[in-house]
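**Student:** Dropping a prediction and its sequence here:
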Amino acid sequence: MLEYLKKIRPFHVINVVLDYLVESKYIQIYSAMCLLVGMYVTTMVAFNTITYIAGLEVLPKLATTTETTTIIDSPKKLSSMAKPEREYDSNKGTKNATPYYLKEMSEVAIKEQDKFGIPASITLAQYHLESGVRADKPPSDLAVEDNNWFGMKYTDNFYAFLKKRGIVISRGEKRCNRRGKDCANYAVFASRWECFRAKSLLLTNSNYSRIKGDTYIDWAKGLKEYGYATDPNYDKKLIKIVEKFGLAKYDS
């Protein structure tokens with residue numbers, strides 16, 4: 001067997017070493033080394049084979065999501081958080097029906113509602129309003145490029161607040177509204193899921209935590225009162241979105 005092992009080694013230097021070991025008193029050490037190497041190779045082949053077979057089923061699932069596991073409560077239930085193949089489709093979206101892009105986020109909105117008490121309808125309405133996504137057009141650059149789907153601005157205090165809770169954001173470039181006003185640096189998130197969770201944390205650990213009431217109307221008015229947006233009609237717009245698309249059905 002030793003002679004066979006020598007023959008399959010491609011390098012002359014290795015053959016010289018093998019000759020020395022075979023002809024010397026270190027033959028027992030060499031035999032033990034060969035045995036260990038053989039066991040290692042066999043183990044690695046078996047491990048890689050099993051991993052490959054299991055990976056055929058697991059890897060495609062992992063490839064469809066970009067969500068962090070540090071703050072996810074039930075990762076298996078958050079498949080809808082994976083970035084959809086199409087953010088919009090001009091052939092979808094029936095008038096007065098819940099658009100598909102809100103339906104795909106409804107499960108996450110309900111989960112945030114169960115954990116933080118924020119009506120799912122309000123989360124979805126803000127998602128619709130702040131991201132700019134529609135049935136016939138894509139989301140805003142802020143949403144697509146920075147994963148900021150709720151128009152949240154960057155501040156050092158907001159950074160420190162989220163970091164303590166497992167979310168790290170960065171300062172984005174300065175952006176302005178469509179009229180070229182209200183310019184500010186907005187937060188950049190690593191994933192859409194972190195953006196959803198950051199908004200829930202913000203609304204329950206700041207001035208917004210003083211919002212009274214459980215209905216989407218109460219929350220819409222509270223968000224306006226405590227300054228979530230500069231738009232004086234912010235509450236009316238949220239209420240209109242909820243009622244237009246029937247989002248109240250997602251509230252508990």
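**Tutor:** Nice, thanks for sending it over. Only a predicted model underlies this, so the values are computations on that prediction, with no experimental measurement involved.

**Student:** Poorly predicted segments of the stretch 1-150 of the chain, please.
**Tutor:** Applying pLDDT under 70 to the stretch 1-150 of the chain flags residues 1-34, 37, 40-41, 44-96.

**Student:** now do 80
**Tutor:** 1-97, 135 (pLDDT under 80).

**Student:** Show me the strands in the chain, by range?
**Tutor:** For the chain, the strands defined by DSSP state E occupy 170-175, 184-188.

**Student:** now these in TSV, with mean pLDDT and distance to residue 100?
**Tutor:** For the C-beta atoms, the positions are set from N, CA and C on the backbone; glycine is no exception. Shown next, in TSV, are the strands of the chain (pLDDT from 0 to 100; distance: least, Cβ to Cβ, whole Å):
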stretch	mean pLDDT	distance to residue 100
strand 170-175	90	27
strand 184-188	94	26
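
**Student:** right, so of these, which gets closest to residue 230?
**Tutor:** Of all these, strand 184-188 sits nearest to residue 230, with 10.3 Å by Cβ to Cβ.

**Student:** So for that closest one, what gets flagged as buried?
**Tutor:** Buried residues in strand 184-188, counted by 16 or more other Cβ atoms under 10 Å: 186, 187, 188.

**Student:** Return it as PDB; C-alpha atoms alone will do.
**Tutor:** Taking Å, rounded to 0.1, in the frame of the first residue of the first chain, the C-alpha atoms of strand 184-188 are listed here in PDB:
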ATOM      1  CA  ALA A 184     -32.500  66.500   5.100                       C
ATOM      2  CA  ASN A 185     -30.200  63.500   5.500                       C
ATOM      3  CA  TYR A 186     -32.200  60.400   5.700                       C
ATOM      4  CA  ALA A 187     -31.400  57.100   7.400                       C
ATOM      5  CA  VAL A 188     -30.000  54.200   5.300                       C
END
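
**Student:** What helices and strands are in contact with that strand?
**Tutor:** helix 141-146, strand 170-175 (3 or more Cβ pairs under 8 Å, 6 or more residues apart in numbering; DSSP states H and E).

**Student:** For residue 241, find the nearest of the ones you listed.
**Tutor:** helix 141-146 (16.0 Å).

**Student:** Show me which positions of that closest one end up buried.
**Tutor:** Within helix 141-146, the residues that qualify as buried are 142, 143, 144, 146, counting by 16+ other Cβ under 10 Å.

**Student:** Residues contacting that helix, please?
**Tutor:** Defining contact as Cβ atoms under 8 Å, 6 or more residues apart in numbering, one finds that helix 141-146 is touched by 87, 130-133, 138, 148-149, 151, 172, 175, 186-189.
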